[in-house]
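[1] I'll drop the sequence and a predicted model, then ask my questions.
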Amino acid sequence: MNESAIFYPYNIKKLLKGTIYQYSMIWDLVKHCPNFYIDLKYLLNSIPNKPSIELLIKLKLYKLALDAEKYNIKGSFEKRFGLPKEYYPFMKRHNLNSDELIILGLLKKKNIKLIRYLASISTPVKLQEFSKLTNINNLIKYSKMLENKFDFDMYLDYLENAKVLGFDLKCKKYLFPADLKESHDFVVKNVKKSESKLLNTSVENRYHELSNKIYKDNIYFIRPPLNKDDFINEAEQQQNCVYTNYFEKHAKGKCDIYFMRKLDEKDKSLVTIEVQGNKIVQKRIKGNYSPSNSENSFLEAWEQNILRKVA
């Protein structure tokens, strides 16, 4: 196959006729994703290892098929996509990409204009951080209130620091400040004045917020950190940077940190875990090595049975 050739839907179908890919419908993917760079050779080589490519094409979720590795999840529609099947017609009609699917999961509204508006404001990762602080609809409301004066990163930073100070983010006075910059500078200044004490209180509060994700089997258990001292102890035992690099992030809700231990050795550190968007993004044992097979199996069960169910 000439890698430098330009392929079009009509000649891809002809090219693949008589091969193992003749029913793959890859040509439909190319047809419905005209503005995306598509590595045809990569896609064809991926099909044996990523059966979800063909499934996604058959479902007419063409842009999701370009990120097929994210959806190689067995089980129900909701397990695979993180949304009930009632959202499928909307997903298909608008040919959502992976970022738009994440935003739809946060918004829970079948409104493509709002989804694309949110995508224009920030990234899915930052929008997920925002959704931990308040409902995503409040972002839409406040951004339209301020119009050209709205700054998403400043607003997110304001809310994170306001939470550390103990402001009630359900109160409109604090949720929708009249002067964003002035309010942002005020909360940042006050957090810095008494940062250590405030962050520790925030970590203690987050323990209660995340207590519904505590999990155990007959060997292991996993929980969020209790306080600052708990972070320091974990870092000392594991010889890692969980305190220096993640204490403040966890306190402000930018990520979720968990400690995994054995039931019969509750004070002995075993695995340090970072979670974002209810998905495990890091898991390390002492010395920053990877966990064992049995430890990984426990973490996979926790992610499937707890994190995804409370998402």
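    Good, I have the coordinates.

[2] Please make it C-alpha for all contacts and neighbour counts, starting now.
    Noted.

[3] how deep is D229 tucked in, by neighbour count?
    12 (other CA atoms under 10 Å).

[4] host element of it?
    In the assignment (DSSP states H and E), D229 maps to helix 228-238.

[5] packing partners for that helix?
    In this structure, helix 228-238 makes packing contacts with helix 242-251, judged by 3 or more CA pairs under 8 Å, 6 or more residues apart in numbering; DSSP states H and E.

[6] helices or strands up against the helix or strand following the helix it packs on?
    Going down the chain from helix 242-251, the next helix or strand is strand 256-262, by DSSP H and E. Identification of packing neighbours for strand 256-262 by 3+ CA pairs under 8 Å, 6+ apart yields strand 220-223, helix 242-251, strand 271-276.

[7] repeat that for 6 Å
    Under the contact criterion of 3 or more CA pairs under 6 Å, 6 or more residues apart in numbering; DSSP states H and E, strand 256-262 touches strand 220-223, strand 271-276.

[8] elements contacting the longest one?
    Translated: strand 271-276. strand 256-262, strand 279-284.

[9] What strands line up against that strand, and which way round?
    If you go by DSSP bridges, strand 271-276 pairs up with strand 256-262 (antiparallel), strand 279-284 (antiparallel).

[10] quick one, which of those strands is nearest to L118?
    With CA to CA as the measure, strand 279-284 is the member of the strands paired with strand 271-276 nearest L118 (21.5 Å).

[11] Next, the angle from that closest one to helix 228-238.
    50 degrees (axes from the mean of the first three to the mean of the last three CA atoms, to 10 degrees).

[12] what about strand 279-284, distance to the chain center?
    Relative to its chain's centre, strand 279-284 lies at 12 Å (CA atoms, centre = their mean, to the nearest Å).

[13] Give me the mean pLDDT for it.
    What strand 279-284 shows for mean pLDDT is 94.

[14] Render the CA-only coordinates of that strand in PDB, please.
    Presented in PDB, the C-alpha positions along strand 279-284 are these (Å, rounded to 0.1, in the frame of the first residue of the first chain):
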ATOM      1  CA  LYS A 279     -10.700   7.400  36.300                       C
ATOM      2  CA  ILE A 280      -7.300   6.300  37.700                       C
ATOM      3  CA  VAL A 281      -4.600   8.300  36.000                       C
ATOM      4  CA  GLN A 282      -1.600   7.200  38.200                       C
ATOM      5  CA  LYS A 283      -0.900   4.300  40.600                       C
ATOM      6  CA  ARG A 284       2.500   3.800  42.200                       C
END
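
[15] C-terminal to that strand, what's the next element?
    Next along the chain from strand 279-284, counting by DSSP H and E, comes helix 293-302.

[16] Can you give me the buried ones in that next one?
    295, 298-299, 302 (16 or more other CA atoms under 10 Å).

[17] Helix, strand or coil: sort out the closest residue to K254 other than its chain neighbours for me.
    Among residues not flanking K254 along the chain, E129 sits closest, at 5.6 Å (CA to CA, 6 or more residues apart in numbering). Under DSSP: H, G, I helix; E, B strand; the rest coil, E129 falls in the helix class.

[18] what's the answer for the one 5 residues further on, then?
    What three-state DSSP gives for T134 is coil.
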